[in-house]
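# sharing a sequence plus its predicted fold:
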Amino acid sequence: MDFLEKYNYWINSEYFDEETKKELESIKDDKGEIEDRFHKDLTFGTAGLRGKIGAGTNRMNRYTVSLATQGLANTIKKRGKEAMERGVAIAYDVRHFSKEFSKIAARVLAANGIKVYLFDDIRPTPLLSYTIRELNTISGIVITASHNPKDYNGYKVYWEEGSQILDDVAVEILNNINDIGDFSNINIIDFEEGIGRGLIQYIGKEIDDKYVEEIKGLRISDDIDRGIRIVYTPLNGTGNELVRRVLRERGFTQVYVVKEQEKPDPDFTTVGYPNPEDVKAFEYAKNYGKEKDADILIATDPDCDRVACMVKNHEGEYVFLNGNQTGALLVDYILSNRAEKGDVPGNGAIVKSIVTGDLSKTIAEDYNITTIETLTGFKHICGKANEFDRTKEHTFIFGYEESIGYVYSTIVRDKDGVISSMLIAEMAAYYKKKGITLLERVEELYEKYGYYLDKLISLVLEGVEGQERIKRIMNSFRSFPITTIEDMKLIKTIDYLKDQTGNPKSDVLKYLFDDGSWYAIRPSGTEPKIKIYIYSKGKNRELAEHKIKCIEKATIERIESIK
Ligand SMILES: O=P(O)(O)OC[C@H]1O[C@H](O)[C@H](O)[C@@H](O)[C@@H]1O
């Protein structure tokens, strides 16, 4: 069927509800909109679905959610009765339709005879990962579009080890979805019937309690100033209760939560783009921080897997720490404290992505700890934790990415904004007791290990045309690498499409120079962007900054020359 045929099918078939039809009627004269909604099915990518909410095959709605869930159900059924009994845990965030979609997923699974554990209210994504391991379910689902704008929702799928599915399971589910054929082949029962038959079971506080206890057990040091002044914002998402609770139970007495961003708001009215990777998300926190004279500001994204912080400098201004800086600080904080107690595992490993900075690696080397690199995506990072469970080759200590995702230990197999908020607060309180801020600690690390600076440039190139240009840009870099920039000489090129190290193939190019500086270029996997990651290493800040500027100029000139 072409897109118009599909549109007409949705309008005329008895299967679709009146509200959906009404929404579709309202766009009957807008061919562009019809095409956008029906020219393809919302792609079930490696982590599930993500898209705009609305009627159509290329949108997030009750039909696309139930189709994906039937595909997941068939995948579980093929594994037999035991897998069906182990069941699926489901969590959801604050977004429009998140709760409704979680119930639809529960009803489809239950109709297929699969046990469902559904959270009784909004919860952070990392808690779902914890729950899978705790309840020993075969799979898990989170209804969230993470830090995307308000018009979006998503459907992330997890597997029994607690991490997001990798390509093998994703392909299997996708094939099962494609085999379903018509929407009318989806099994679904009433929610109440699912509850009555014991197939759907609510879960809640008892899991929170265990999670919080385990997180508190992950603390690194108690030699901290608990009076440190912290402003926290959940950005109207799911972090509010659990982050506050963990901080309170860890004994922090001066935690202030941004009032306007405390309660769930699916429209993210006060922030627009609820991504703490972007310093603009801290506007309210900064104002409140000044009022409360906070030492540190902490923000988590709507599903509370990402976290970022800002630190007050001596002039009373708040300075943003990026993901590379926070990651390196945490690696240093964890390893130095554990080393003091003689508690660093001999086969320990830090896991980061290939486009994350190297300062943490140099720090880890100081403690004889290996750093392992994976492709971008936390599923790959925690995939290593799963692998180490099997091979015992390493002990997974800490995983992180420059895109403000961190996880410590292995109780959760995804980035965790609750664990990380506790560790960031604790680390700031540890250094406060020693009389320095996190900004000063970063400087100390630079002095000791060298100035590792970085800059991420993201160019938005939308639509089919944008995609084509991204391809041309990648082709140009691939065919004609820039061999010298100022006095930096290219000594190595890595093309991850030809990777021989066991990573899956990926469209990423990395260029390494003789002084330790490097840059990488890749199309984003989640947004219509091309991303350039620039990293420099210098004896002092000026030199490192100068190198960043030179690499930026050379790469941007090249990109601009490609129309
Ligand atoms: O650079 P992208 O492909 O857009 O991905 C950016 C980030 O997106 C999500 O948050 C993933 O969970 C991260 O692991 C990833 O780093």
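Cool, got the structure.

# how about the contacts made by the closest residue to Ser146 other than its chain neighbours?
Excluding its sequence neighbours, the residue lying closest to Ser146 (C-beta to C-beta, 6 or more residues apart in numbering) is Asp303, at 5.3 Å. C-beta here means a position set from N, CA and C on the backbone, and glycine is covered the same way. Listed by C-beta atoms under 8 Å, 6 or more residues apart in numbering, the contact partners of Asp303 are 93, 124-125, 142, 144, 146-147, 237-238.

# name the SS class of Asp303, please.
Per DSSP: H, G, I helix; E, B strand; the rest coil, the secondary structure class of Asp303 is coil.

# pull up the per-residue confidence for it.
Asp303 carries a pLDDT value of 98.

# Thr46 too?
pLDDT at Thr46 comes out at 68.

# tell me where the stretch 1-150 of the chain has strands.
Taking DSSP state E, counting those that start in this stretch, the strands of the stretch 1-150 of the chain run over residues 48-52, 88-92, 116-119, 139-143.

# ok, which of these comes nearest Gly525?
With C-beta to C-beta as the criterion, Gly525 lies closest to strand 48-52 of those, at 10.6 Å.

# in that closest one, what counts as buried?
Buried residues in strand 48-52, counting neighbours by 16 or more other C-beta atoms under 10 Å, are found at 48-52.

# nearest to Ile411, of those?
Using C-beta to C-beta, Gly48 comes nearest to Ile411 of the buried residues of strand 48-52, at 22.6 Å.

# residues touching the closest one, list them.
Applying C-beta under 8 Å, 6+ apart to Gly48 gives the contacts 68, 141, 154-157, 164-165.

# go through these and flag which are in helices.
Ala68 (DSSP state H).

# closest to Gly80 among the contacts of Asp303?
Of the contacts of Asp303, the one sitting nearest to Gly80 (C-beta to C-beta) turns out to be Val142, at 24.9 Å.

# report the separation between that closest one and the ligand.
Using C-beta to the nearest ligand atom, to the nearest Å, one obtains 12 Å as the distance from Val142 to the ligand.

# now do Asp332
Distance, Asp332 to the ligand, by C-beta to the nearest ligand atom: 22 Å.

# list the contacts of the longest helix anywhere in the chain.
The longest helix of the chain (DSSP H) is helix 541-561. Helix 541-561 is contacted from outside by 446, 451-455, 457, 459, 473, 476-477, 482, 485-486, 488, 515, 517, 519, 521, 530, 532, 534, 536-538, using C-beta under 8 Å, 6+ apart.

# what do you get if the cut-off is 7 Å, keeping everything else the same?
Contacts of helix 541-561 with the rest of the structure, by C-beta atoms under 7 Å, 6 or more residues apart in numbering, involve 451, 453, 455, 457, 459, 473, 476, 482, 485-486, 488, 517, 519, 532, 534, 536-538.

# and Lys489, bridged to which residues?
On the basis of DSSP bridges, Lys489 is bridged to Thr484.

# wait, what's in contact with Glu393?
Glu393 makes contacts with Asn347, as judged by C-beta under 7 Å, 6+ apart.

# brain fart, Ile397
Contacts of Ile397 by C-beta under 7 Å, 6+ apart are 334, 348-350, 369.

# got the phi and psi for it?
Here the main-chain torsion angles of Ile397 (degrees, to the nearest 10) amount to phi -100, psi -50.

# end to end, how far does stretch 264-278 reach?
Distance across stretch 264-278, first residue to last, is 20 Å (C-alpha to C-alpha, to the nearest Å).

# any idea of the pLDDT on Asp93?
98.

# pretty sure it contacts Phe119?
No. Counting by C-beta atoms under 7 Å, Asp93 does not reach Phe119; the two are 10.3 Å apart.

# quick one: which of these two has more around it?
More crowded of Asp93 and Phe119, by other C-beta atoms under 10 Å: Asp93, with 26 against 21.

# how close does that one sit to Asn136?
24 Å (C-beta to C-beta, to the nearest Å).

# so does the lowest-mean-pLDDT helix or strand in the chain get close to the ligand?
Sorting the helices and strands of the chain by mean pLDDT, DSSP states H and E puts strand 48-52 at the bottom, at a mean of 90. No. Strand 48-52 stays clear of the ligand (C-beta under 6 Å from any ligand atom), getting no nearer than 9.8 Å.

# for this structure, which spans come out with low pLDDT?
Residues of the chain that meet the criterion pLDDT under 70 lie in 46-47.

# which residues of it lie near the ligand?
Contact residues, the chain versus the ligand (C-beta under 6 Å from any ligand atom): 146, 376-378, 401, 403, 405, 524-527, 531.

# of the residues you listed - the most surrounded one?
Within the residues of the chain next to the ligand, neighbour counts (other C-beta under 10 Å) peak at Phe378, which reaches 28 neighbours.

# that one contacts Gly405, correct?
Yes. Contact criterion C-beta under 7 Å: Phe378 and Gly405 qualify, at 5.5 Å.

# ok, for Ile230, nearest residue in space, not its chain neighbours?
Computed as C-beta to C-beta, 6+ apart, the closest residue to Ile230 that is not its neighbour in sequence is Val255, at 4.8 Å.

# which residues of the stretch 301-450 of the chain fall in strands?
With DSSP E, counting those that start in this stretch, the ranges of strands along the stretch 301-450 of the chain come out as 307-312, 318-321, 348-353, 370-374, 395-401, 405-408.

# residues near Glu373, how many?
When neighbours are counted by other C-beta under 10 Å, Glu373 registers 18.

# the nearest residue to it once chain neighbours are set aside: neighbouring residues, count only.
Leaving aside its chain neighbours, Glu373 sits nearest to Ile354 (4.8 Å; criterion: C-beta to C-beta, 6+ apart). Per other C-beta under 10 Å, the neighbour tally for Ile354 reads 20.

# identify the residues contacting Ile354.
Residues in contact with Ile354 (C-beta under 7 Å, 6+ apart) are 373, 375, 508, 510, 520.

# can you classify the fourth one by secondary structure?
Three-state secondary structure (criterion: three-state DSSP) places Lys510 in strand.
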